[in-house]
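Enquirer: Need the 3D shape of this:
(2 chains)
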Amino acid sequence: SQQGEEDPQALSIQEGENATMNCSYKTSINNLQWYRQNSGRGLVHLILIRSNEREKHSGRLRVTLDTSKKSSSLLITASRAADTASYFCATEVTGFQKLVFGTGTRLLVSP
Amino acid sequence: GAGVSQSPSNKVTEKGKDVELRCDPISGHTALYWYRQSLGQGLEFLIYFQGNSAPDKSGLPSDRFSAERTGGSVSTLTIQRTQQEDSAVYLCASSLGGSRGNTIYFGEGSWLTVV
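Expert: Presented below is the predicted three-dimensional model:
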């Protein structure tokens, strides 16, 4: 079964606006990762945040993690049309090596 | 190789036939994963290899699905007696394995259509 649920399922914004996606999960984790997928094919790793971290930045990306609420958010600032893709959160569940993926958010950035 | 390589990229097969999907991970990566993604859905974990052994096969949906890895490198996912519900993109990924928090690198996937 899916570990993560993402919200919203779809998001449509204009270029230059910020996009925020949320992820909730169910069990204890070692880390949480965000991935991007274009056109339903391969996924690209964006950022990893460990369970003892609360916030992490990478370029225009900002990720937060609240382990007490079992939730994470991904913020993309100053979005571009090229950011159009599906975004997935994935959790490395404590005691397991595999990543368990959420259901994804489809982001559409219009010029 | 430079990245995770999967073949075939697209496969159309008739219901009831067997198919083999191949994954060539990044050189030196000991961990290898298979996921399945149906149209518009999230990723469903199938199986994980550490070296040649598969400590976690919990995601294989039925006994028609099997996977092996030889030489700690190439892996093959086999689906026997394919059904229409097997139609999906099958994604392979690899990582350095061992310690926690390694980045997982995905291939472009094999799109399987069962007609």
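Enquirer: Please determine whether the helix or strand harbouring residue A:90 lies in contact with chain B.
Expert: Taking DSSP states H and E as the criterion, residue A:90 maps to strand A:85-93. Yes. Shown here: strand A:85-93 in contact with chain B (Cβ under 8 Å from any Cβ of the partner chain) through A:88, A:90, A:92. Backbone N, C-alpha and C define where each C-beta goes, glycine included.
Enquirer: quick one: pLDDT of residue 43?
Expert: You didn't pick a chain, so chain A it is. According to the prediction, residue A:43 has pLDDT 91.
Enquirer: The intended chain is chain B.
Expert: Residue B:43 is assigned a pLDDT of 90 by the prediction.
Enquirer: Confirm for me that it is in contact with residue A:88.
Expert: Yes. Counting by Cβ atoms under 8 Å, residue A:88 is a contact partner of residue B:43 at 6.9 Å.
Enquirer: which stretches of the chain have low pLDDT?
Expert: Just going to use chain A. Low-confidence segments of chain A (pLDDT under 70): A:1-4, A:40.
Enquirer: Switch to chain B, please.
Expert: B:1, B:98-100.
Enquirer: where exactly do the strands run in it?
Expert: B:5-7, B:10-13, B:19-24, B:31-37, B:43-50, B:53-56, B:65-69, B:75-79, B:88-95, B:105-106, B:110-114 (DSSP state E).
Enquirer: Which elements pack onto the first one?
Expert: With contacts defined as 3 or more Cβ pairs under 8 Å, 6 or more residues apart in numbering or on different chains; DSSP states H and E, the packing partners of strand B:5-7 are strand B:19-24, strand B:88-95.
Enquirer: Within the sheet, what are the partner strands of the last one, with directions?
Expert: Take DSSP bridges as the rule and strand B:88-95 pairs in its sheet with strand B:31-37 (antiparallel), strand B:105-106 (antiparallel), strand B:110-114 (antiparallel).
Enquirer: so residue B:5 bridges to which residues?
Expert: Counting by DSSP bridges, residue B:5 is bridged to residue B:24.
Enquirer: Surely it and residue B:107 touch.
Expert: Yes. With contact taken as Cβ under 8 Å, residue B:5 and residue B:107 are classed as touching, separated by 6.1 Å.
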